[in-house]
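Student: Fold the following.
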Amino acid sequence: MAAKLFDPGAGRQRVERYELMGEIASGGMATVYLARLTGMGGFQRFVAMKRLHPHLASEKEFVEMFLDEARIAARIHHPNVVPILEVGASQVGYYLVMEYIEGDTLARMLARAASSGKKLPVSIALRVAIDMLSGLHAAHELHDDQNQPVNLVHRDVSPQNVLVGQDGIARITDFGVARAASRLTATRVGQLKGKIAYMAPEQAAGSEDLDRRADVFSSGIVIWEALAQKRLFKAENEAATLSRVIAEPVPLLFQIAPQVSKEVSGVVMRALDRDANKRFPSCAAFADALEAAAALKDKVATPRELAAYVNEVMGQEIAQQRDNVRTWLAHSEPTGAAVRELPAGILPSSSVSAAAISIPGFVEASHSGLSGSLSTVEQPKRSRVPLVLGALLLTGLLGAGGFMLTRSARSVGASAASPAAETKPAPPPVPSSAPGDSAAVAAAAAAASAAAALPPPTPASALGVAPPPVAGRGALGPPVQRLRKKKSSDDVDLRNPYR
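Tutor: Numbering: from 1, shown residues only. This is a model prediction of the structure:
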């Protein structure tokens, strides 16, 4: 779907993790934007964001309807249903995020064909119809957490809510007014929800007892108009349209569109029966009958043929939209900013927040300009713990060395104070008369000779240690000098700054 892109010079607009790029469509309840989600390594994904109008944020009924749509549709997982990726609330209101489908709605495709005078090929219309019915059947078969049927009814099946993608797949979307047993809100008596021109008669009459057969009738209207290239019940005003839905006979399809076979026409007419019991019981049965009838004469296009047709009728528009997006990105991206690698061991808190981490210092632009501003990221400070530990270790080693030097000096002084122990010769070994002691005697003699060969001990005076006083000369001789107790700092080099 083509989006009207915002002016990049007006500043970048963000809703939580998403950057808004342009407006796709707007209705009475919400606006749909083209947005993008970015991440690390150049990750980028385009999404469609549906945002509730701010003035409705205080209306409980509209908020609950909005949340109902997100909660119900998020449970449906089918290739023919537009998936809901996320729902959230921000300062600008409630929003839900959907997959962005590159293509257009069936309504615009029909309008484009009518303006060009070329009708939609029957095979293409049948392909879109079968895809739409397959998506609706998946929604009708939805079960809750207790495996109980939700009894969902879309109630707004229309060409505006069928998206035809460039990938050759048609998808149903917009469950905003869908009815389900687990909805937070209930339709008030007399209040109609949906487009009157595409309502089933029982829905237009205000009946509360609706089931999936109401969507079968609405689907029949969409398929009838796609094949006939003509509106079925639309009138000048809603009252006249309502009257046609309830009472006006439905024209035979093959009479309005001769290119459609009577077999296909008969299948569509059965879906448009005002008696719900005579319609197809489900959209799956409708799709099977439609495909079987087309096999007899008409042809159902393949997804590849549908993709080729989309490229043929709107390929230039899609290409132009892509060029506009590239230009917008080039003008809105920051320029001259180098992308740095993340420091080792640092991981982003989530894959989404990595978008801000991959561009260092990213801040949102709040003023005009073509690019957002970047702030410098501070480098991680180097820890001083290793330096402190190294200094403490070195100090401990120096202190231990000083202590050992002091102990060594004290032991030397003690040995100098006892000269008798220095000069007293070792006693000779005592000879043994036992025959087995000859080896011990020889070892003792060798030890004695080795001790004699050692140099004499250093005198105490050479070490700067005063000799002890001689006994009996305390009063008559020179005053006795007492040994001063050594400190650990005496044998440490005072010039060493790390002592």
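Student: Now stretch 321-336: average pLDDT?
Tutor: Averaged over stretch 321-336, pLDDT sits at 78.
Student: do the same with stretch 172-192
Tutor: 63.
Student: which sections of the stretch 101-250 of the chain are below the confidence cut-off?
Tutor: 180-193 (pLDDT under 70).
Student: Helices of that one, start to end?
Tutor: 106-116, 122-140, 201-204, 212-228, 238-247 (DSSP state H, counting those that start in this stretch).
Student: I'd like the ones you listed laid out as a markdown table, including mean neighbour count and distance to residue 389.
Tutor: Heads up, the C-betas are built off the backbone N, CA and C, glycines and all. Converted to a markdown table, these look like this (neighbours: other Cβ atoms under 10 Å; distance: least, Cβ to Cβ, whole Å):
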| stretch | mean neighbour count | distance to residue 389 |
| --- | --- | --- |
| helix 106-116 | 16 | 72 |
| helix 122-140 | 24 | 65 |
| helix 201-204 | 20 | 79 |
| helix 212-228 | 25 | 74 |
| helix 238-247 | 16 | 83 |
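Student: okay, these in JSON lines with distance to residue 57 next?
Tutor: Below are the helices of the stretch 101-250 of the chain laid out as JSON lines (distance: least, Cβ to Cβ, whole Å):
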{"stretch": "helix 106-116", "distance to residue 57": "29"}
{"stretch": "helix 122-140", "distance to residue 57": "27"}
{"stretch": "helix 201-204", "distance to residue 57": "29"}
{"stretch": "helix 212-228", "distance to residue 57": "30"}
{"stretch": "helix 238-247", "distance to residue 57": "28"}
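Student: Any idea which of those gets closest to residue 100?
Tutor: helix 106-116 (16.0 Å; Cβ to Cβ).
Student: Low-confidence regions, the stretch 251-400 of the chain specifically.
Tutor: By pLDDT under 70, the weakly predicted segments of the stretch 251-400 of the chain are 333-386, 388.
Student: could you show me where the strands are in it, in order?
Tutor: With DSSP state E, counting those that start in this stretch, there are no strands along the stretch 251-400 of the chain.
Student: My read is that residue 25 contacts residue 34, right?
Tutor: No. At 10.2 Å, residue 25 does not count as touching residue 34 under the criterion of Cβ atoms under 8 Å.
Student: higher neighbour count, these two?
Tutor: In this view residue 25 and residue 34 are compared by other Cβ atoms under 10 Å, and residue 34 has more residues nearby, 24 against 16.
Student: Excluding sequence neighbours, find me the nearest residue to the more buried one.
Tutor: With Cβ to Cβ, 6 or more residues apart in numbering as the criterion, residue 34 has its nearest non-adjacent residue at 3.9 Å, and that residue is residue 3.
Student: Using the record's assignment, carve the chain into domains.
Tutor: According to automatic domain parsing, the chain comprises the domains 1-100, 102-314.
Student: Quick one: closest of these to residue 394.
Tutor: Evaluated over the domains of the chain, closeness to residue 394 peaks at domain 1-100, with 44.0 Å, by Cβ to Cβ.
Student: re earlier: of all the helices of the stretch 101-250 of the chain, which one is nearest residue 260?
Tutor: Nearest of those to residue 260, taken as Cβ to Cβ: helix 212-228 at 5.1 Å.
Student: Extract the C-alpha trace of that closest one and format it as PDB.
Tutor: Extracted in PDB, the C-alpha atoms of helix 212-228 (Å, rounded to 0.1, in the frame of the first residue of the first chain):
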ATOM      1  CA  ARG A 212     -19.700 -17.500  10.500                       C
ATOM      2  CA  ARG A 213     -22.500 -17.700   7.800                       C
ATOM      3  CA  ALA A 214     -22.800 -13.900   8.100                       C
ATOM      4  CA  ASP A 215     -19.200 -13.700   6.800                       C
ATOM      5  CA  VAL A 216     -20.100 -16.200   4.000                       C
ATOM      6  CA  PHE A 217     -22.800 -13.700   2.800                       C
ATOM      7  CA  SER A 218     -20.400 -10.800   3.000                       C
ATOM      8  CA  SER A 219     -17.800 -12.700   1.100                       C
ATOM      9  CA  GLY A 220     -20.400 -13.500  -1.600                       C
ATOM     10  CA  ILE A 221     -20.900  -9.700  -2.000                       C
ATOM     11  CA  VAL A 222     -17.200  -9.100  -2.400                       C
ATOM     12  CA  ILE A 223     -16.800 -11.900  -5.000                       C
ATOM     13  CA  TRP A 224     -19.900 -10.800  -6.900                       C
ATOM     14  CA  GLU A 225     -18.600  -7.300  -7.200                       C
ATOM     15  CA  ALA A 226     -15.100  -8.500  -8.200                       C
ATOM     16  CA  LEU A 227     -16.400 -10.600 -11.000                       C
ATOM     17  CA  ALA A 228     -19.100  -8.100 -12.200                       C
END
